[in-house]
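Visitor: Curious how this folds, go ahead:
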Amino acid sequence: MVFLFPSLCAATVVDLDTLHQDILSALPGDPIATKHISADGRWSMDPNGLLLLDNRIYVPSAGNLHTCVLQYNHDHILARHFGQNKTLELVCCRYSWPSLYADVQQLCKFCVTCMQSKPQCHKPYGSLKQLPISEQLWNSISMDFIKKLLSFSRFDTILVIVDWLTKQAIFIPAHNTITSTDLVLWDI
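Guide: Modelled structure (predicted):
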């Protein structure tokens, strides 16, 4: 067990160095980075040439660098699939980019391993119940409108009434301006 730990640390350092080299190579093509490389204040450069925003490494949006940083801090062997807050804390310690919070939230929400291993914190879904079957014709009906039809003899809407038991339908021409009160008082 003692010999396993140094090899894991070495693998982690190699992944981190590769990630930082990818970030460094993507900086010249990023418009935000080229705009702020010479600026002072919150922006600075580290000795390795990485652009820093508030002393955190700025990650450009080129390729899949955001995803690599998030996976390194969330999916890595040593990271253990922390939740949204812990992953955000780990990423914010060293890295920064404009959509960081939304990206962490989306990663943790759609992580398959997290969804399988962590409990759901909502009420259980209700059981499905079948609708009662009516025993008489035209005892249960549904009504709907087919609207925006071409006007034919001053009607531009069709009222559709369907019996749930037999699925028999009646089509009645109507006006587009009909209201629910007019429908109730309408003598068919």
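Visitor: Domain map for the protein?
Guide: Domain segmentation of the chain under automatic domain parsing yields 10-117, 141-185.
Visitor: lowest-confidence stretch among these?
Guide: Among the domains of the chain, domain 10-117 carries the lowest mean pLDDT, a mean of 81.
Visitor: Enumerate the beta-bridge partners assigned to residue 171.
Guide: residue 160 (DSSP bridges).
Visitor: Turn the domains of the chain into JSON lines, including mean neighbour count and distance to residue 126.
Guide: Every residue, glycine included, has its C-beta placed from N, CA and C. Putting those into JSON lines (neighbours: other CB atoms under 10 Å; distance: least, CB to CB, whole Å) gives the following:
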{"stretch": "domain 10-117", "mean neighbour count": "15", "distance to residue 126": "21"}
{"stretch": "domain 141-185", "mean neighbour count": "12", "distance to residue 126": "22"}
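Visitor: Mind putting these into CSV with distance to residue 127?
Guide: Formatted as CSV, these follow (distance: least, CB to CB, whole Å):
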stretch, distance to residue 127
domain 10-117, 23
domain 141-185, 22
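Visitor: Those: which one's closest to residue 125?
Guide: Proximity to residue 125 (CB to CB) singles out domain 10-117 among these, at 15.9 Å.
Visitor: Residue 128 is nearest to which of the domains of the chain?
Guide: Of these, nearest to residue 128 by CB to CB is domain 141-185, at 17.9 Å.
Visitor: would you say residue 181 is within a helix?
Guide: Yes. Checked against DSSP: H, G, I helix; E, B strand; the rest coil, residue 181 lies within a helix.
Visitor: I'd guessed residue 42 sits against residue 56; true?
Guide: No. At 10.0 Å, residue 42 does not count as touching residue 56 under the criterion of CB atoms under 8 Å.
Visitor: And the closest residue to residue 42 other than its chain neighbours, how close does it get to residue 102?
Guide: Spatial nearest neighbour of residue 42, chain neighbours left out: residue 54 (5.4 Å); criterion: CB to CB, 6 or more residues apart in numbering. Distance, residue 54 to residue 102, by CB to CB, to the nearest Å: 19 Å.
Visitor: swap in residue 167?
Guide: Taking CB to CB, one finds residue 167 at 48 Å from residue 102.
Visitor: residues in contact with residue 113?
Guide: Neighbouring residues of residue 113 by CB atoms under 8 Å, 6 or more residues apart in numbering: 75, 81.
Visitor: and with 10 Å instead?
Guide: With contacts defined as CB atoms under 10 Å, 6 or more residues apart in numbering, residue 113 is in contact with 74, 75, 80, 81.
Visitor: where's it relative to residue 100, distance?
Guide: Residue 113 is 21 Å from residue 100, by CB to CB.
Visitor: Please apply the same query to residue 60.
Guide: Counting by CB to CB, the separation of residue 60 from residue 100 is 13 Å.
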